[in-house]
Every structure is written in C-alpha cells, then in structure tokens.
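Asker: Test case, fold it:
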Amino acid sequence: EGGALVVAESPQAARISENRVVLYSPWAQSAEPGSYFYGGQWETIDHTLAGPRLFDGTGLEYESFTVVRPDFLVTAEGYPLKWDSNRLSGYSDHLPVLLTLSILS
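Answerer: Residues are numbered from 1 along each chain as shown. Modelled structure (predicted):
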C-alpha cells in the first residue's frame, strides 16, 4: 500500500513517517501574493517544498522564500512581462521563486 504526500503550512509540521511525508510550503507564511497572474488574480501555482531536514538545525537549513521581481521581468504595474509572440518580446507569465538555504556546521 502506498504512502501519502502532505503539504503543510508551517515548518514545524514537516516530518517523515512510515506512511506519510509532510513537506512545508512557504506560500502560507509569505507576504507574496503569488508568482503567476491570471484572470485578474495572483496565483501560487509555482512551488518549492521543504522537508524536515531543512529545519533540524544542522547542515542545510531553510532561510527564506520569495518571488523574484527584477524590473526587466515585470510591467510597470508589477505583473509578469509575459512573452508576446507577435512583438517577439517579453519573458514569462510566471515569476521565478527563490528558496534560500544556509549552511550550518
């Protein structure tokens, strides 16, 4: 019988047991509205997930999560500057997400 993958909204909930893996999604605690803008709304469909070993105080450790918004990737209003095949300009309708880790000894 297979196990389950569960996505948690707090790092404290991240754990691995015999039949379940619980990974942390930083979106719930993020001030970011999303990385993808569609139909007049921000969406959080781009993900990075962190396992419990990133919160155990040794080795690689979770530090932060953000959406990367350099000026060249967004419109004046801050929306993704999606590719326009008619004008042959733009980038993507998704903004990159960045998970920063630190190294502890």
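Asker: which ones are touching the closest residue to V6 other than its chain neighbours?
Answerer: Excluding the flanking residues, the one nearest V6 by C-beta to C-beta, 6 or more residues apart in numbering is V22, at 4.6 Å. Any C-beta I mention is one placed from the backbone N, CA and C, and that applies to glycine too. For V22, the contact set (C-beta atoms under 8 Å, 6 or more residues apart in numbering) comprises V6, V7, A8, A13, A14, R15, I16, P52.
Asker: again, but for V68
Answerer: L95, P96, V97, L98.
Asker: what bridges to the last one?
Answerer: To tie it back to what came earlier, the one meant is L98. The partner list for L98 in beta bridges (DSSP bridges) reads T66.
Asker: I'd guessed it sits against R69; true?
Answerer: No: at 10.3 Å, L98 does not count as touching R69 under the criterion of C-beta atoms under 8 Å.
Asker: Where do the strands of this structure begin and end?
Answerer: 4-8, 15-16, 20-24, 36-38, 41-43, 59-67, 97-104 (DSSP state E).
Asker: quick one: which of these is nearest P80?
Answerer: strand 36-38 (5.9 Å; C-beta to C-beta).
Asker: on that earlier part again, and the least confident of the contacts of V22?
Answerer: pLDDT across those is lowest for I16, at 84.
Asker: Name the residues linked to that one by a beta bridge.
Answerer: Under the criterion used here (DSSP bridges), I16 is bridged to V21.
Asker: would CSV of the strands of the chain with distance to S30 be doable?
Answerer: Output for the strands of the chain, formatted as CSV (distance: least, C-beta to C-beta, whole Å):
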stretch, distance to S30
strand 4-8, 14
strand 15-16, 21
strand 20-24, 12
strand 36-38, 14
strand 41-43, 11
strand 59-67, 6
strand 97-104, 9
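Asker: What ranges in this structure fall below the confidence cut-off?
Answerer: 1-3 (pLDDT under 70).
Asker: buried set for stretch 88-105?
Answerer: Using 16 or more other C-beta atoms under 10 Å as the test for burial, stretch 88-105 gives Y91, H94, L95, V97.
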